[in-house]
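In: Need the 3D shape of this:
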Amino acid sequence: MFVKLNRAVVFVFCSILILAQTISFAKVKNLKDSAVAAWSFEGNFKDVSNNGNDGKILGKTKFVAGKFGQAIGLSGKGDGVITPKLAPMNEVTVAHWSKCTGRIGAWRVWINVDGWQKGAVHHQLYPGNEIGWSIHTNTPTDVKAKLLIDDKQKGKWHHIAVVYSAGQKNVKFYINGELNSEGKYTAVGPAILGPARIGSWDGGGRDYEGEIDEFAIFNTALSATHIKSIATQSLATVLSGDTSVDAIGKATAVWAKIRAAY
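Out: Modelled structure (predicted):
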């Protein structure tokens, strides 16, 4: 009786493991399909989502050691990446790793659409050191996270993800893979995220000083599980077909062990 019970426990455990691998496979597939543009900055500005949305160098942007592989290093004096035009999106997730090293207490851009027209997104740090998300003509225009990127946070890597849904009339901020805060809207519209600049704004005076890595834009409001994935793995991993293959392989191996046990 005890042996049969042990076997039953093992079977249930292995089944749960296989289910987890299956969920992992679906998760990766969804992330890959919803990626609009993704820049891992491995010595270039290539769009690793394979959608052809490559960036272009602005100023004297350098490649430095990043969170995963290399990152872009910005001096705070006109550096950045120019990104191409993208279709308006009713749902969007913007995610990136960043380390702020200077210009504390000043405007600092993560990504700002050129100009300030209807639907334009400005995702930046405010002079009060708040992490912000602004969409022109939404009400309210500006929504802010709780975490301050001030002197206490200077020189530290943070993963920041902003999840916007016009349908749900909300925006969520995730910091280092965890939900930080949520803002509500009374009036909404599609979000425009390109042409834009990472680390700068064509209006001038809002240059980022520090490092930015693993910058991605998705055309869906990603779930908390998805955010956790991109906050703990590189873009190359979460957008790679190899990851899903690995999941299938692991599931197959587990089933083989179950068959051998019985």
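In: how far does stretch 116-123 stretch from start to finish?
Out: Across stretch 116-123, the terminal residues are separated by 12 Å (Cα to Cα, to the nearest Å).
In: Same question for stretch 63-73.
Out: Using Cα to Cα, the end-to-end distance of stretch 63-73 comes to 6 Å.
In: Can you tell me what sits against that stretch?
Out: Outside stretch 63-73, the residues within contact range by Cβ atoms under 8 Å, 6 or more residues apart in numbering are 40-43, 61-62, 79-81, 97, 99, 157, 159, 198-199, 210-214, 234-236. Just so you know, the C-beta spots here come from the backbone N, C-alpha and C atoms, and that holds for glycine as well.
In: switch the cut-off to 10 Å
Out: Applying Cβ atoms under 10 Å, 6 or more residues apart in numbering, the contact partners of stretch 63-73 are 39-45, 55, 57-58, 60-62, 74, 79-81, 96-99, 101, 157-159, 198-199, 208-215, 233-237.
In: From these, list just the buried residues.
Out: Using 16 or more other Cβ atoms under 10 Å as the burial test, the contacts of stretch 63-73 include 39-42, 45, 55, 58, 61, 74, 79-81, 96-99, 101, 157-159, 198-199, 208-215, 233-236 as buried.
In: Go through these and flag which are in strands.
Out: If you go by DSSP state E, the buried ones among the contacts of stretch 63-73 have 39, 58, 74, 80-81, 96-99, 157-159, 198, 209-215 in strands.
In: So for stretch 160-174, what gets flagged as buried?
Out: Quick answer for stretch 160-174 (16+ other Cβ under 10 Å): Ile160, Ala161, Val162, Val163, Tyr164, Ser165, Ala166, Asn170, Val171, Lys172, Phe173, Tyr174.
In: for the third one, what are its contacts?
Out: Okay, so that is Val162. So Val162 contacts 92-96, 110-111, 121, 123, 131-133, 143, 145, 171-174, 183, 191 (Cβ under 10 Å, 6+ apart).
In: can you list the weak-confidence ranges in the stretch 101-250 of the chain?
Out: 241-250 (pLDDT under 70).
In: what about the strands in it?
Out: 108-113, 121-125, 130-135, 142-148, 157-165, 170-175, 178-184, 196-198, 209-218 (DSSP state E, counting those that start in this stretch).
In: Reformat the ones you listed into CSV and put distance to Lys228 next to each item.
Out: Converted to CSV, the strands of the stretch 101-250 of the chain look like this (distance: least, Cβ to Cβ, whole Å):
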stretch, distance to Lys228
strand 108-113, 20
strand 121-125, 20
strand 130-135, 18
strand 142-148, 17
strand 157-165, 10
strand 170-175, 8
strand 178-184, 8
strand 196-198, 23
strand 209-218, 14
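In: Next, Arg103: phi, psi?
Out: phi 60, psi 30 (degrees, to the nearest 10).
In: Distance of it relative to Ile149?
Out: Distance of Arg103 to Ile149, computed by Cβ to Cβ, to the nearest Å: 10 Å.
In: Who has more neighbours out of those two?
Out: Legend: neighbour count by other Cβ atoms under 10 Å for Arg103 and Ile149, higher for Ile149 (22 against 19).
In: Kindly reformat the buried residues of stretch 160-174 as CSV containing distance to Ser223.
Out: Listed next are the buried residues of stretch 160-174 as CSV, based on distance: Cβ to Cβ, whole Å:
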residue, distance to Ser223
Ile160, 17
Ala161, 11
Val162, 14
Val163, 9
Tyr164, 14
Ser165, 11
Ala166, 17
Asn170, 14
Val171, 15
Lys172, 10
Phe173, 15
Tyr174, 10
